[in-house]
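J.: output the structure for:
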Amino acid sequence: MTSPRIILASSSNYRKAQLANIGFQVPGISPNIDETANPGEAPQDLACRLSLEKARAVAANYPDAVIIGGDQVATVTDKTGHVHILGKPGTLDKAIEQLELCSGNKVRFITALSLVHQAQQREQTRFEDVYVTFSELSDSVIERYLLKEQPYDCAGSFKAEGAGVLLFDRIESRDPNTLIGLPVMLLRDMLADWHINLLDLTLRH
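T.: Sure thing, here's the model as predicted:
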């Protein structure tokens, strides 16, 4: 049976590279949605909602394709017990603030995936957690790292596929790909629910 066309609802080079690394080349299309959190929205709910909205936005123009949407939200609890959501910092100053919060703490990364096939009126959304324990980071290390890798488009202000992994003491996850932004094993499981074999697709290319 011929598998439907698959499109990634993302312009992220990181997610496209993750799929390319397993031998699966798919087009990426930016969904252009508002990623603002709703008042009082839990981080897990935010990641799942944005993931689904991204997939739906692209599916509207490609109703016969399976659209993959993804979103990642990072959270860290400070010494007062307040939970901070760590988005993409955008600037050096905000990135410094994020890594100062992460230093010596355990950070939760929630990575949601959604599949949408509009023509068949099918949708599903699931998520994976990764827990990262950061080393104690000096001000000098934080600034030097940020100036070197400039991870201002990455939630949490680091690149796990680069030198950012050296900032960690421990990673707890079923799938290390999850931390970069696309849990490949979860994607395999979700596609399998729709009778699409991701391993078979990668071996065809």
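
J.: surely residue 28 is in contact with residue 12?
T.: Yes - with contact defined as CB atoms under 8 Å, residue 28 counts as touching residue 12 (7.1 Å). To be clear about C-beta, it is placed using only N, CA and C from the backbone, and glycine gets the same treatment.

J.: same for the helix or strand containing residue 112, what does it pack against?
T.: If you go by DSSP states H and E, residue 112 is part of strand 106-117. Applying 3 or more CB pairs under 8 Å, 6 or more residues apart in numbering; DSSP states H and E, we find strand 106-117 packed against helix 43-59, strand 66-77, strand 122-134, helix 177-180, helix 184-193.

J.: among these, which gets the worst mean confidence?
T.: Among these, helix 177-180 has the lowest mean pLDDT, at a mean of 89.

J.: for the residue most central in space within the chain, what are its contacts?
T.: For the chain, the residue sitting closest to the mean C-alpha position, by CA atoms, centre = their mean, is residue 181 at 2.7 Å. With contacts defined as CB atoms under 8 Å, 6 or more residues apart in numbering, residue 181 is in contact with 12, 14-15, 18, 70, 72, 111.

J.: list the buried ones in the worst-scoring helix or strand of the chain on mean pLDDT?
T.: Lowest mean confidence among the helices and strands of the chain (mean pLDDT, DSSP states H and E): helix 13-21, at a mean of 86. By neighbour count on 16 or more other CB atoms under 10 Å, the buried set for helix 13-21 is 14-16, 18-19.

J.: try stretch 25-45
T.: Under the neighbour-count criterion of 16+ other CB under 10 Å, stretch 25-45 has 26, 28-29, 31, 33, 37, 43, 45 buried.

J.: for stretch 84-101, same thing?
T.: Going by neighbour count (16+ other CB under 10 Å), the buried part of stretch 84-101 is 84-89, 95-99, 101.

J.: likewise stretch 195-205?
T.: For stretch 195-205, a neighbour-count test (16+ other CB under 10 Å) marks 196, 198, 201-202 as buried.

J.: quick one: it to chain centroid distance?
T.: Centre-to-centre, stretch 195-205 and its host chain are 22 Å apart (CA atoms, centre = their mean, to the nearest Å).

J.: pLDDT on it, on average?
T.: Mean predicted confidence for stretch 195-205 is 88.

J.: ok, residues contacting it?
T.: With contacts defined as CB under 8 Å, 6+ apart, stretch 195-205 is touched by 1, 3-4, 6, 22-25, 66, 184, 187-188, 191-192.

J.: identify the farthest-apart pair in these.
T.: Based on CB to CB, the longest span within the contacts of stretch 195-205 runs between 1 and 184 and measures 22.7 Å.

J.: the more surrounded of those two?
T.: A count of neighbours by other CB atoms under 10 Å puts residue 184 above the other of residue 1 and residue 184, at 20 against 5.

J.: for the closest residue to that one other than its chain neighbours, what are its contacts?
T.: Closest residue to residue 184 apart from its sequence neighbours, by CB to CB, 6 or more residues apart in numbering: residue 177 at 4.5 Å. Contacts here follow CB under 8 Å, 6+ apart; on that basis residue 177 touches 18, 183-185.

J.: picking up where we left off before, and of the helices and strands packed on strand 106-117, who's closest to residue 162?
T.: Of all those, helix 177-180 sits nearest to residue 162, with 10.1 Å by CB to CB.
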